[in-house]
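**Q** could you work out the structure for the sequence below:
(one chain, ligands or ions: 1)
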Amino acid sequence: MKKVITVIGARPQFVKSGPLSKALRKHFQEIIVHSGQHYDANLSENILRDIGSPKPDYFLKTIGSTHGAQTASILRATEEVFIKESPDAVIVFGDTNTTLAASIAAVKLGIKLVHVEAGLRSFNKAMPEEINRIATDRISDFLFAPTPIAMKHLTDEGLKDKSYLTGDIMVDSVKSVSGQITKDILNAWQLEENKYYLLTMHRPYNVDNKENLLRILADLATLPYPIVFPIHPRTKKVLAGTDISPNIKLIEPQGYVNFTGLLKYSHKMITDSGGVQKEAYIQKKPCITLRTETEWVGTIDAGWNLLLPPENGDLSEAITAFNPSGSHPDLFGVDVADKMVQILLDSL
Ligand code: UD1
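**A** Residues are numbered from 1 along each chain as shown. Model (predicted):
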């Protein structure tokens, strides 16, 4: 049986790894390495538990408060594991510093590299994620593209021969927890179905400047329904000790079942995350994206996602006026994990 190492480390990767591990383990020996980039239980353990991910075989300790130091620390630690385990392939997800670090470690050891969620581009190099994606795609041996648009980016960059249109693994992630969602989640925060907004915000350009963050929140607080805001540690640090409007309910980051439930029963999703835009689309929820650009342009073209750069102001007016309905084409495919595993079985 061939051996693969799956490297995870930050919340969006935990969500994606569960369904893939399940499919992989039917045919491969899988070793899971957790880089330690996200270490809080709320961001890590609780998500892994909900998504049914096996316990990581290695939990590394990431140190470093800058991108360079964090990436270097993960590179060094993953390299040690790869040398010890000598896998046939390393699988990485998405665009975090964990993705880039493990990718460099793997290819320098001559290990085949598989990139899940390849070909995404925001065309904004000020985002650390954009650098991570471009670099990882360039050095990978297998590029699993979630959408035809991602495939096109890879083709345009001369990477077509290594690329496969698999669909998006998050379709499997949402499906895997949908049976566990109940309306009990509404009682926990005294919410009414379809009468609250769900908000997530953690991008450095929205949250690192406190004045800017408070201006965005003050605008959102004028929306007609309450806002439920599971707050990321990065955002929490900036807001520490500051009073914000009672119309915004700050709650801890949620596990995957709770979060998917909160999204399901919400009126609209407001976010600056990448993955959440897809989860909203998959669940047929209007999504407002507080950014100037998005990697998930298909959701915009389909009419279910509104790009709303926060610096433009008048956020609540635009959010209230955004009411998509009607056609909702399938953008992300089905049974994606099985397709990925089949490609690896045929080619490794
Ligand atoms: C990272 C990813 C981003 C992803 C996000 C999801 C990169 C470049 N960015 O951003 O793509 O959307 O995760 O959450 O990899 N912290 C804690 N507890 C934790 C984790 C982090 O307190 O469990 C603190 C860190 O110490 C740091 C801050 O939160 O001060 C940011 O963490 P970091 O992992 O650097 O980046 P994210 O903003 O989470």
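
**Q** and the next helix or strand past the top helix by length along the chain?
**A** The helix that spans the most residues within the chain, counting by DSSP state H, is helix 67-85. For helix 67-85, the following helix or strand on the C-terminal side (DSSP states H and E) is strand 89-93.

**Q** by how many degrees do the next helix or strand after that next one and strand 89-93 diverge?
**A** As assigned by DSSP H and E, the chain's next helix or strand after strand 89-93 is helix 97-108. Per axes from the mean of the first three to the mean of the last three C-alpha atoms, to 10 degrees, the angle that helix 97-108 makes with strand 89-93 is 160 degrees.

**Q** any idea of the angle helix 97-108 forms with helix 67-85?
**A** Using the same axes, to 10 degrees: helix 97-108 against helix 67-85 is 50 degrees.

**Q** can I get the CA coordinates of helix 97-108 in PDB?
**A** Extracted C-alpha coordinates of helix 97-108, given in PDB (Å, rounded to 0.1, in the frame of the first residue of the first chain):
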ATOM      1  CA  ASN A  97       1.700  29.400   5.200                       C
ATOM      2  CA  THR A  98       1.400  25.700   6.100                       C
ATOM      3  CA  THR A  99       0.600  24.900   2.400                       C
ATOM      4  CA  LEU A 100       3.700  26.700   1.100                       C
ATOM      5  CA  ALA A 101       6.100  25.500   3.800                       C
ATOM      6  CA  ALA A 102       5.200  21.800   3.400                       C
ATOM      7  CA  SER A 103       5.300  22.100  -0.400                       C
ATOM      8  CA  ILE A 104       8.800  23.400  -0.400                       C
ATOM      9  CA  ALA A 105       9.900  20.700   2.100                       C
ATOM     10  CA  ALA A 106       8.400  18.000  -0.100                       C
ATOM     11  CA  VAL A 107       9.600  18.900  -3.500                       C
ATOM     12  CA  LYS A 108      13.200  19.500  -2.300                       C
END
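
**Q** and it, what does it pack onto?
**A** Judged by 3 or more C-beta pairs under 8 Å, 6 or more residues apart in numbering; DSSP states H and E, helix 97-108 is in contact with strand 3-8, helix 67-85, strand 89-93, strand 112-116, helix 128-139. For every residue, glycine as well, the C-beta is placed using N, CA and C.

**Q** looking at the ones you listed, spot the one closest to residue 180.
**A** Across the helices and strands packed on helix 97-108, residue 180 has its closest neighbour in strand 3-8 (21.2 Å, C-beta to C-beta).

**Q** related to what we said a few turns ago, columns distance to residue 233 and mean neighbour count on top of the helices and strands packed on helix 97-108, output as a markdown table?
**A** Converted to a markdown table, these look like this (distance: least, C-beta to C-beta, whole Å; neighbours: other C-beta atoms under 10 Å):
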| stretch | distance to residue 233 | mean neighbour count |
| --- | --- | --- |
| strand 3-8 | 18 | 26 |
| helix 67-85 | 14 | 18 |
| strand 89-93 | 20 | 27 |
| strand 112-116 | 25 | 24 |
| helix 128-139 | 17 | 19 |
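
**Q** out of the ones you listed, flag the one nearest residue 49.
**A** strand 3-8 (13.6 Å).

**Q** does that closest one come close to the ligand?
**A** No. Using C-beta under 6 Å from any ligand atom, strand 3-8 never reaches the ligand; the gap is at least 11.6 Å.

**Q** let me know the angle separating that strand from helix 97-108.
**A** Using the same axes, to 10 degrees: strand 3-8 against helix 97-108 is 150 degrees.

**Q** which residues sit against strand 3-8?
**A** Residues from elsewhere that reach strand 3-8 (C-beta atoms under 8 Å, 6 or more residues apart in numbering): 13-14, 17, 20-21, 24, 28-35, 53, 56, 78, 81-82, 85-93, 98-99, 102, 114, 344, 348.

**Q** that one: how far from the chain's middle?
**A** 18 Å (C-alpha atoms, centre = their mean, to the nearest Å).

**Q** restrict that strand to CA atoms and write it as CSV.
**A** Listed next in CSV are the C-alpha coordinates belonging to strand 3-8 (Å, rounded to 0.1, in the frame of the first residue of the first chain):
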residue,chain,number,x,y,z
LYS,A,3,2.0,6.0,1.8
VAL,A,4,0.7,9.6,1.6
ILE,A,5,1.2,12.4,4.1
THR,A,6,-1.5,14.9,4.4
VAL,A,7,-0.4,18.2,5.9
ILE,A,8,-2.9,20.5,7.6
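
**Q** after that strand, heading C-terminal, what element do we hit next?
**A** Defined by DSSP H and E, the subsequent element after strand 3-8 is helix 11-24.

**Q** what residues does that following helix touch?
**A** Contact with helix 11-24 is made by 4, 6-8, 30, 32, 38, 43-44, 47-48, 51-54, 91, 93-94, 96, 98-99, 116-117, 169-170, 172-173, 175-176, 253, 256, 273-275, 336-338, 340-341, 344, as judged by C-beta under 8 Å, 6+ apart.
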